[in-house]
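>>> here is the input, now give the coordinates:
(one chain, ligands or ions: 1)
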Amino acid sequence: MTEGFGRVDGQLAVGGIAVERLAARVGSTPFFAYDRGLLAARVSAVRAALPTEINLSYAVKANPMPAVIQHMRGLVDGFDVASGAELRNALDTSMPASRVSFAGPGKSLAELTQAVAAGVTVELESEHEVTRVRAVSETLGVAARVALRVNPDFSVRGSGMRLGGGPQQFGIDSERIPAVLETLGDLDFQGFHVFAGSQNLNAESICEAQRKTVELILGFGVAVRYLNLGGGFGIPYSARDKPLDLAPIGENLAALVDGPIRAGLPEARVVVELGRYLVGEAGVYLTRVVDRKVSRGKTFLVVDGGLHHQLAASGNFGQVIRRNYPIAVANRIGSPATETATVVGCLCTPLDLLGDDVELPAAEIGDLVAVFQAGAYGLTASPTAFLSHPAPLEVLV
Ligand SMILES: *Cc1c(COP(=O)(O)O)cnc(C)c1O
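So this is what the prediction gives:
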């Protein structure tokens, strides 16, 4: 998981720059560093595995840093946004509005207005949202570009998070779609979006979801210009997670594109939409050791960061079974592990744990600790206001 980043002078390197130099350049710790080269390499790997007909969209909420969005603009075919602010940052790039989709429940009137005016594809999440977008269209005198997000009648096995199947706040229940299609009026209907789950490491269950999605959409019997098959590709977070195998997913998509999609939905632009998979492994959280103590035989490294910046690595406030994220002493990368240490953050809660009983080179006060897999759902998915410490910086190198 850590091998993607390079090494310079026995230190972890991000974007070819040794972490101590990078820390000096940033000026303070902790900080997040994202590697442009790794982002590009990951997108290339996905493109190489998937058929060329597939449009690759980046789900901005995974890492909405404006510089990351700008960088991704040159790599992917579209953006999926989930708020008005993400929409603005996506449209600040040269990505055409027609390649931006806006999903998510509970969009505000201001967000809908902005989206319709900009000409992005509004993914309708409920029947009431259809009514609201029709009203906005009438007010603006612009036929809104829309797609229906479908809550499928199946769920995806192996998803870390389920967003489809059964009752859901996401999407319109598939059995209601024929009736809802009758209510679209003058809206500029593009097609359908199904996003049934996230953080899935099981290629076969992703393939099954894609097959069932195509079958479901074909069953509606309407012509579409846009078919968003979702994504859900997961990344390994702990030693027991096996990286996702893209090859079977590529083969499955090729069979779908060459078969039922070409036959039944020949006009469809087919989209796969990924967040975490594109950016998660390209980011690292760097935090400095401020104290080192032994308590009744257990060695603690106390760092200047913590769960307020990188919540997921701590186990989400104790809500999940916690497993160590990959972690390293970033300025001693080549050194052998000679001790077992527990890396804790600077917050007054035992939940602020970044690495429990990890084998590490003996770290000293002032060393830099790297917590990997921090490129997605890191800073913006963490409770930065908790304990009122300053916000960390982010760099794209
Ligand atoms: C969050 C989200 C994604 C991205 O999910 P990842 O697990 O990060 O790939 C994609 N599509 C929609 C609609 C989402 O809400």
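
>>> enumerate every residue touching the residue nearest to Leu274 when sequence neighbours are not counted.
Nearest residue to Leu274, sequence neighbours excluded (Cβ to Cβ, 6 or more residues apart in numbering): Gly231, at 4.2 Å. C-beta: built from backbone N, CA, C; applies to glycine. Residues near Gly231 by Cβ atoms under 8 Å, 6 or more residues apart in numbering: Ala59, Phe195, Ser198, Val272, Glu273, Leu274, Gly275, Tyr277.

>>> right, and Leu87 touches Val81 too?
Yes: between Leu87 and Val81 there is a contact under Cβ atoms under 8 Å: 4.6 Å.

>>> between these two, which one's more packed in?
Using other Cβ atoms under 10 Å as the criterion, Leu87 and Val81 rank with Val81 on top: 27 against 23.

>>> among the contacts of Gly231, which ones are in strands?
Of these, the ones assigned to strands by DSSP state E are Ala59, Ser198, Val272, Glu273, Leu274.

>>> let me know how buried Leu393 is, in neighbour terms.
14.

>>> gap between it and Val26?
5 Å (Cβ to Cβ, to the nearest Å).

>>> ok, Pro361 - contacts?
Val329, Arg332, Ser335, Pro336, Ala337, Thr338, Glu339.

>>> do Thr131 as well
Thr183.

>>> let's see 10 Å
Leu124, Thr183, Gly185 (Cβ atoms under 10 Å, 6 or more residues apart in numbering).

>>> tabulate the CA atom coordinates of stretch 183-198 in CSV.
Extracted in CSV, the C-alpha atoms of stretch 183-198 (Å, rounded to 0.1, in the frame of the first residue of the first chain):
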residue,chain,number,x,y,z
THR,A,183,-43.9,13.3,-15.1
LEU,A,184,-40.7,14.7,-16.6
GLY,A,185,-42.5,17.1,-19.0
ASP,A,186,-40.1,19.4,-20.8
LEU,A,187,-37.1,18.4,-18.8
ASP,A,188,-34.1,17.4,-20.9
PHE,A,189,-34.0,13.7,-19.9
GLN,A,190,-30.5,12.1,-20.3
GLY,A,191,-30.8,8.7,-18.7
PHE,A,192,-30.2,6.8,-15.5
HIS,A,193,-27.8,6.6,-12.6
VAL,A,194,-27.4,3.6,-10.3
PHE,A,195,-24.9,3.8,-7.5
ALA,A,196,-25.5,0.9,-5.2
GLY,A,197,-22.5,0.7,-2.9
SER,A,198,-19.1,1.9,-1.9
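
>>> which single residue of the stretch 1-150 of the chain ends up nearest the ligand?
Relative to the ligand, the nearest point of the stretch 1-150 of the chain is Ala59 (3.4 Å; Cβ to the nearest ligand atom).

>>> that residue and Leu278 touch, don't they?
Yes: using Cβ atoms under 10 Å, Ala59 is in contact with Leu278, at 8.3 Å.

>>> which neighbours do the two have in common?
Joint contacts of Ala59 and Leu278 (Cβ under 10 Å, 6+ apart) are Gly231, Ala376.

>>> so what's the residue of the stretch 151-300 of the chain found nearest the ligand up against?
Nearest residue of the stretch 151-300 of the chain to the ligand (Cβ to the nearest ligand atom) works out as Gly275 at 2.6 Å. Contacts for Gly275 (Cβ under 10 Å, 6+ apart) come out as 57-64, 80, 82, 198-199, 231-233, 376-377.

>>> Pro96 too?
Residues near Pro96 by Cβ under 10 Å, 6+ apart: Gly78, Gly119, Val120.

>>> return the backbone torsion pair for it.
Dihedral pair for Pro96: phi -60, psi 140, per degrees, to the nearest 10.

>>> what pLDDT does the model give it?
Looking at Pro96, its pLDDT reads 98.

>>> now do Arg134
At Arg134, pLDDT is 98.

>>> likewise for Gly164?
Checking the pLDDT column for Gly164, the value is 77.

>>> and the one 4 residues further on, by the same measure?
Confidence at Gln168, expressed as pLDDT, is 91.

>>> for the ligand, tell me whether the top helix by length along the chain is touching it.
Ranked by residue count and defined by DSSP state H, the top helix of the chain is helix 203-220. No: Helix 203-220 lies out of reach of the ligand by Cβ under 6 Å from any ligand atom, never closer than 11.0 Å.

>>> tell me the average confidence for that helix?
Per-residue scores along helix 203-220 average to 96.

>>> how about it: buried residues?
Within helix 203-220, the residues that count as buried by 16 or more other Cβ atoms under 10 Å are 203, 205-214, 216-218, 220.

>>> likewise for stretch 328-336?
Ala328, Val329, Ala330, Asn331, Arg332, Ile333.

>>> next up, the contacts around the fifth one.
With contacts taken as Cβ under 10 Å, 6+ apart, Arg332 has the following neighbours: Gly10, Gln11, Leu12, Leu360, Pro361, Ala362, Ala363, Glu364, Asp367, Leu368.

>>> model confidence score at the fourth one, please.
I take that to be Leu360. Predicted confidence (pLDDT) for Leu360: 98.

>>> circling back to that earlier point, what angle separates the helix or strand following the longest helix of the chain from helix 203-220?
Toward the C-terminus, helix 203-220 is succeeded by strand 226-231 as the next helix or strand (DSSP states H and E). Interaxial angle, strand 226-231 versus helix 203-220 (axes from the mean of the first three to the mean of the last three Cα atoms, to 10 degrees): 150 degrees.

>>> note down every partner strand of strand 226-231 and its orientation.
strand 188-193 (parallel), strand 269-274 (parallel) (DSSP bridges).

>>> any chance of these in a markdown table, plus distance to Lys242, mean neighbour count and mean pLDDT?
Formatted as a markdown table, the strands paired with strand 226-231 follow (distance: least, Cβ to Cβ, whole Å; neighbours: other Cβ atoms under 10 Å; pLDDT from 0 to 100):
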| stretch | distance to Lys242 | mean neighbour count | mean pLDDT |
| --- | --- | --- | --- |
| strand 188-193 | 28 | 23 | 98 |
| strand 269-274 | 18 | 22 | 98 |
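
>>> quick one: the contacts of Pro361 as CSV, columns for distance to the ligand too.
Output for these, formatted as CSV (distance: Cβ to the nearest ligand atom, whole Å):
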residue, distance to the ligand
Val329, 29
Arg332, 32
Ser335, 34
Pro336, 35
Ala337, 31
Thr338, 37
Glu339, 35
